[in-house]
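J.: Coordinates for the following, if possible.
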Amino acid sequence: MTLRPAGVIEESRFGWIGRFRSMRKPVLAAVNGVAAGGGFALALACDVRIASDQARFISAFMRRAILPDQCSTWTLPHLVGTSRALLMHWLSDEVKAEEALRIGLADMVVPHADLMAKTMELANRLARGPSITIELTKQAVYHAMGTSLETHAEYEENLLAKVHDSEDVEEGRLAFREKRTPVFKGR
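T.: Below is the predicted model:
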């Protein structure tokens, strides 16, 4: 067995996880049934998880004596905490939608029949938002997960400078003063 240095993700197999994190746009998961094993890892890699009330999450790897992969040993603890992530991986117990919401594995639970409509509603709200600020907020949140408060504060200041003079910031200020909904253009 050849081990790679920590932090090196094999592009051909797991590079998609890094691409999800570095995508400029939000990545939403709509989970309508069972998300197990690889599907579980896929949902974990998304920025936001919307689950139908019939959704179930299962880390299933141990059921086949497989080491959890697709970076689920990194993403899951960041969502639910270390000890809960260990138990979820070790026991491969099913987590139903309401429990997933309670522990931070899902961000919303909606009626099964409304899943795609609610997911698209959220996607459309995000699409109408200030795209530059949404992108930089995503960058800032993921950067914060791997750095000190002091280092992150400086990083955040640099991002603030990038967005400060944008047309969208000016539109946001003007819309606030005029008591109207802003119309952002991504500039």
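J.: pLDDT averaged over stretch 164-175, what's the number?
T.: Looking at stretch 164-175 alone, the average pLDDT works out to 90.
J.: ranges for the helices of the chain?
T.: Counting by DSSP state H, residue ranges of the helices within the chain are 11-22, 38-45, 72-80, 82-91, 97-103, 115-128, 131-144, 149-164, 167-177.
J.: Any idea which of these gets closest to residue 62?
T.: Shortest distance between residue 62 and these, using CB to CB, is found for helix 82-91: 6.0 Å. Bear in mind the C-beta positions are built from the backbone N, C-alpha and C, glycine included.
J.: Could you check the closest one and say which residues are buried?
T.: For helix 82-91, the buried set under the neighbour-count rule, 16 or more other CB atoms under 10 Å, comprises 84, 85, 88, 89.
J.: tell me the domain boundaries of this structure?
T.: Domain ranges of the chain: 11-127, 129-177, per automatic domain parsing.
J.: Packed most tightly, which of those would that be?
T.: Each of the domains of the chain was given a mean neighbour count from mean count of other CB atoms under 10 Å, and the largest, a mean of 17, is that of domain 11-127.
J.: can you tell me how far residue 74 sits from residue 61?
T.: According to CB to CB, to the nearest Å, residue 74 and residue 61 sit 14 Å apart.
J.: now do residue 155
T.: As for residue 155, its distance to residue 61 is 34 Å (criterion: CB to CB).
J.: got it, and residue 172?
T.: Using CB to CB, we find residue 172 at a distance of 45 Å from residue 61.
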